[in-house]
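Undergrad: Just need the structure, nothing else, for what follows:
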Amino acid sequence: MMRIVFSISIFFALVSNSLAQGSNIREEVYVHLNSDYLIVGESILFSAYCRGESTGQLSDLSKVLYVELVGEKGAVFQEKIRLDHGVGSGELFLNSLIPTGKYYLFAYTRWMKNFGDYHQSEVVIINPYEDYKVPVDSSKKSFKLDLRPATGKYVSEVENVVGYQLTGGDQQELWKGKVVNANGDKILDFTFDQFGLGKFLFTPSLKESYQVILEDNKGNFHFQDMELSAGGGSTILLEHSRYNLDVQVSSYPDMNEFGRLVITSLDRSMTYYDRSVNLNSQNRIKRDQIDNDEVVVELYSENDELFASRVWYFDVPSVTVSESDVNYPTRTALNLTKNIPEGQYSVSVRKCAEGKSATKSSVILDQSDLSRFSDYVDLSTYFNTKNLDQIDLESLLLVASQEVGSSKIKTTESIHLLPEFREELISGKLFDANKTPLPNQFVALTIPGEVFQLRIAQTDNNGAFTLPFKSQLSEINGYIVALDTSSSNYVVLDDMFMSSYPKLDYKLKALEKDQVADIIARSIRSQIQNTFFVELPESLDSSKWLPQIPFDQSYILDEYTRFKTLKETFVEYILAVNVRENRPYKIRTWTDFNLKSDQKPPLVLLDGVPVPHDQLLEFSPYNIEKIEVLKDRYFLGPYIADGVVSLTTKPGSFKDFDFPDNYEVVKIKELRSTIGEINQNVTNTLNLPDQRDQLYWASDLTVSSEESTEISFTSSDVPGKYEMVIEGFTEEGKPYSIIEFFNVVQPVN
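TA: Below is the predicted model:
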């Protein structure tokens, strides 16, 4: 009789082949944080949305999200979060060992690592229990203002859109600028956002020279000449609404009358619009003619000479920010009603920190959005030093644009990391002693235990393998070894988490006096709250590993007289197994006589881990609790074994086995489940203090109808200004965000 377990490696081979052929199937992750400014003793609460990059819809491709909190000295947290239909959530408790500093939260799937994609959010953490040293600002105080016309040069006598970037200045959002002509007449005013970015419309004249006058945050004035080199050419001004894209083409008066307007996808694989146009005209294109959110708009002469080019991004989310003068009393049940479109959202209600501006919605744009433009713009400055929340994409594309017209269709490197579609995956390569990859060899992964999990994969022509496994209920060691090969062969595993991080700015600005006072008050409240309220995290539903080996015989050794060696134990009691010296495999099972001409090695396991026969026979039988035997031929994945002999150790004895050096021990982290809702109702427990800053958190708000959505929670004993942030995505895959402020006050007796 043959026992067969169907190999899911066939499934993964099919997935790998189909995805490699359609390598444009990309995922992107957005993470909503409860706050980006916390103190130790508090928790980072987050909801994650994994979406298809091209569709914006929640993705079912990956079931695991990798989350890392990284500081100047490396990763503070590395967690795996379960994704259910593209949505997951988690909690990172900030203990008192975490030093004050600026940190970055990274989130990505295994599939995203093939493309170098990830989400990045900046988080400031304050530890009030350590000595605070005022940061020394060693940065240069010099500044630089770059002006970039949209089409690469200024075109005289027509309206130009000009992007600008201020670098090196303090508090850039407080700077002001204006453009004046040679007579000192003001042409226009402009301001900067928190990133030093912005844009303005400007019509230069061939007969004029211009100058920029900057006023810094301290009231000092700086002067900079504008190097126009104005002359002939064309410009493209773009505006879009829900239904249309308006393209204003303007050209220097002596230009030819007609040209060609072309709109393509960002990778140039699709052409949505290609028509002859007047070189001074307003052109309206229906939005439904363009099935992509990122496009390249180009203007050519009739002889196919490129006059002007712009990159454009349609996916502008709906963001509503509202101040409220409404006052709610402390320790009161509140019900806030909101009209939210159908979709999937998360909700945070939290006290605003003193001395810091209220949380800004980062659903506008994140790195996964910007990474789409990496072939067209130099984004390294913003990835390395900037928090990307609320960045104005048009201004960024203007100041960072490269030669768009020469860009080619984006190609993807070979895909070697499969998506975790059904189970988690571990991958790596098998090498011999000369560091040569070994093809067509079998590699086994075991997660040991009384009910162990054993998976086997075969290496490809490059020595690479991928092993699936079911998620863990707790952190545990897994054992990986090559079967039936030399002990000098070894395995090198792919990193489960990020192997390196981008260069980031970990420098923390000095705290203001009101921030210090707020931190002290928050620290006291946090200690009181943690003393009276302790919530245990939820765990995954327990389940047995499958498949299980259908053993024919089982022997509990305590039921027999003990022998001094395992060899004697097999000879005397385990009749289905024979042990012989002077043969390649000392342990064999009595298998079907018809198989002897093509007999395969047996699978010998210790708590599920394949082990060498010699070392197993030297292991003390007093450490063994049970021996089980399957006599028949057994198929596990691509591996064929004639019989299985499984030994189960007594509790605590597995660690006494001395594994050879070619065994790779990998730490398999627990896959955490969603945290759901945090809503402590303490209105009826007046004898307990309520010092919450976080009033409410819901990671899985699903809106399935157009009716009003009610959000219910209880105010705490802490008065002050609070913010309610609702973020997520509509059913159409569009970002949506609401930020609303209200006050909590002590009731007047």
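Undergrad: wouldn't K470 be in contact with Q453 here?
TA: Yes - with contact defined as C-beta atoms under 8 Å, K470 reaches Q453; the gap is 6.2 Å. For every residue, glycine as well, the C-beta is placed using N, CA and C.
Undergrad: Spell out which strands sit alongside the host helix or strand of V70 in the sheet and which way each one runs.
TA: V70 is part of strand 64-71, with elements assigned from DSSP states H and E. Strand partners for strand 64-71, identified by DSSP bridges, are recorded as strand 74-82 (antiparallel), strand 101-108 (antiparallel).
Undergrad: For H416, which of those strands is the nearest?
TA: Taking C-beta to C-beta as the criterion, strand 101-108 is the member of these that comes nearest to H416, at 15.5 Å.
Undergrad: Run the chain-centre distance for the closest one.
TA: The chain centroid and the centroid of strand 101-108 are separated by 10 Å, computed with C-alpha atoms, centre = their mean, to the nearest Å.
Undergrad: so where's the stretch 551-700 of the chain shaky on pLDDT?
TA: Within the stretch 551-700 of the chain, the ranges that satisfy pLDDT under 70 run 591-597, 680-687.
Undergrad: one step back: V29 is nearest to which of the strands paired with strand 64-71?
TA: Here strand 101-108 is closest among the strands paired with strand 64-71 (C-beta to C-beta), at 4.9 Å.
Undergrad: Show the subsequent helix or strand relative to that closest one.
TA: Taking DSSP H and E, what comes next after strand 101-108 is strand 119-126.
Undergrad: Paired strands for the host helix or strand of Y736, with orientation please.
TA: Assigned by DSSP H and E, Y736 belongs to strand 735-745. Sheet neighbours of strand 735-745, with direction, are listed as strand 318-322 (parallel), strand 327-329 (parallel), strand 720-730 (antiparallel) (DSSP bridges).
Undergrad: all strands for the stretch 501-650 of the chain, in order.
TA: With DSSP state E, counting those that start in this stretch as the criterion, the stretch 501-650 of the chain has strands at 553-556, 577-579, 587-589, 603-606, 609-610, 624-636, 639-649.
Undergrad: Can you check which of those strands gets nearest to E420?
TA: Closest to E420 of those, according to C-beta to C-beta: strand 624-636, at 20.7 Å.
Undergrad: Give me the distance from the closest one to the chain's centre.
TA: If you compare the mean C-alpha spot of strand 624-636 with that of the full chain, they lie 42 Å apart, counting by C-alpha atoms, centre = their mean.
Undergrad: Just want the angle from it to strand 639-649.
TA: An angle of 170 degrees separates the directions of strand 624-636 and strand 639-649 when computed by axes from the mean of the first three to the mean of the last three C-alpha atoms, to 10 degrees.
Undergrad: Strand 624-636 - contacts with which helices or strands?
TA: Packing partners of strand 624-636 (3 or more C-beta pairs under 8 Å, 6 or more residues apart in numbering; DSSP states H and E): strand 2-5, strand 453-458, strand 553-556, helix 566-573, strand 587-589, strand 639-649.
Undergrad: Those: which one's closest to D495?
TA: With C-beta to C-beta as the criterion, D495 lies closest to strand 453-458 of the helices and strands packed on strand 624-636, at 18.2 Å.
Undergrad: Listing partners with orientation, what would you give for that closest one?
TA: When pairs are called by DSSP bridges, strand 453-458 turns out to pair with strand 442-447 (antiparallel).
Undergrad: Find the residue at the geometric middle of this protein.
TA: Relative to the mean C-alpha position of the chain, the nearest C-alpha, by C-alpha atoms, centre = their mean, is the one of A107, at 2.1 Å.
Undergrad: how about the nearest residue to that one, chain neighbours excluded?
TA: Nearest residue to A107, sequence neighbours excluded (C-beta to C-beta, 6 or more residues apart in numbering): H119, at 4.5 Å.
Undergrad: go on, K564?
TA: Using C-beta to C-beta, 6+ apart and skipping the chain neighbours, the partner closest in space to K564 is P621 (7.3 Å).
Undergrad: returning to that earlier point: more neighbours, K470 and Q453?
TA: The neighbour count for K470 versus Q453, taken as other C-beta atoms under 10 Å, is higher for Q453 (20 against 16).
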